[in-house]
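Chemist: Return atomic coordinates for the entry below.
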Amino acid sequence: MVPVSDGGPEGDADERQAHTVRLELVDEPGELLNALHPIAENGGNLLSVFHERGSLTPRGHIPVEVDLECTARQFRTVIESLRDAGVNVIQAGTEQYGEEVTVLLAGPLVGTDLSDTLSRIEACASASVVDFSLTDEQGVDDVSSARLRLAATEGSTDAALDCVRDVADEKDLHVVEPLVGGSA
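Modeler: Purely as a prediction, here's the structure:
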């Protein structure tokens, strides 16, 4: 279960504030509406909805990020109602990661157990896979590429990249890392 931040001290429980909820939805008609209903029903005011239908989560679902405004008490009720409605809440409340980095993996991703690769990267305490897309080129046997957007805790991007490198080395995958640093 994903921990839910109450948005601040209990003394601020009646103050309306912005919250973010990350969801995973099945790609079927009506799923987005079903996910938004518990928010409205429990007093949440929608600020924005980012429905990235072109991307899939590691479990093959559609990632959706919802920004809403409500009190901390309402927010807890919204999250409970979403879960009761069968909506997969990936993250709720205060952002637990401070940095993001995107890497590319190329090679026999499917043949070396893609699910295991993602699970092992997710097992790194310093990072979480927040976005994933896979490309499988026709006519190229067993070779595919994947784009992974990783969220890392503040100051731990290097540790997250080390984890990706280790898993890639074991599975004979190539890693294309982001360019970092540098000065003009």
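Chemist: C-alpha from now on. contacts and neighbour counts both.
Modeler: OK.
Chemist: pLDDT score assigned to the most centrally placed residue in the chain?
Modeler: Centroid-nearest residue in the chain, with C-alpha atoms, centre = their mean: residue 130, separated by 2.7 Å. Per-residue confidence (pLDDT) for residue 130: 71.
Chemist: That one belongs to a strand?
Modeler: Yes. According to DSSP: H, G, I helix; E, B strand; the rest coil, residue 130 belongs to a strand.
Chemist: And the worst-scoring helix or strand of the chain on mean pLDDT, what's buried?
Modeler: Counting by mean pLDDT, DSSP states H and E, the weakest-scoring helix or strand in the chain turns out to be strand 127-136, with a mean of 77. Across strand 127-136, burial judged by 16 or more other C-alpha atoms under 10 Å covers 127-134, 136.
Chemist: any chance of the residues you listed in a markdown table, with distance to residue 176 too?
Modeler: Shown next, in a markdown table, are the buried residues of strand 127-136 (distance: C-alpha to C-alpha, whole Å):
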| residue | distance to residue 176 |
| --- | --- |
| 127 | 17 |
| 128 | 18 |
| 129 | 16 |
| 130 | 18 |
| 131 | 16 |
| 132 | 15 |
| 133 | 15 |
| 134 | 14 |
| 136 | 17 |
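Chemist: of those, closest to residue 23?
Modeler: The shortest separation between residue 23 and any of these is 10.8 Å, and it belongs to residue 130 (by C-alpha to C-alpha).
Chemist: hang on, isn't the closest one packed against residue 149?
Modeler: Yes. At 5.7 Å, residue 130 counts as touching residue 149 under the criterion of C-alpha atoms under 8 Å.
Chemist: Start from the N-terminal end of this protein and give the strands.
Modeler: For the chain, the strands identified by DSSP state E occupy 17-25, 45-51, 62-70, 88-92, 99-107, 127-136, 144-152, 174-176, in order along the chain.
Chemist: Any idea which of those has the lowest pLDDT on average?
Modeler: Minimum mean pLDDT among the strands of the chain: strand 127-136, a mean of 77.
Chemist: Count the residues that sit near residue 91.
Modeler: When counting by other C-alpha atoms under 10 Å, one arrives at 21 neighbours for residue 91.
Chemist: Check residue 29 too.
Modeler: The burial count assigned to residue 29 is 8, neighbours taken as other C-alpha under 10 Å.
Chemist: Got the phi and psi for it?
Modeler: Dihedral pair for residue 29: phi -60, psi 130, per degrees, to the nearest 10.
Chemist: and it, how far is that from residue 35?
Modeler: When distances are taken as C-alpha to C-alpha, to the nearest Å, residue 29 and residue 35 turn out to be 12 Å apart.
Chemist: Likewise for residue 67?
Modeler: The value you get for residue 67 to residue 35, if C-alpha to C-alpha is used, is 13 Å.
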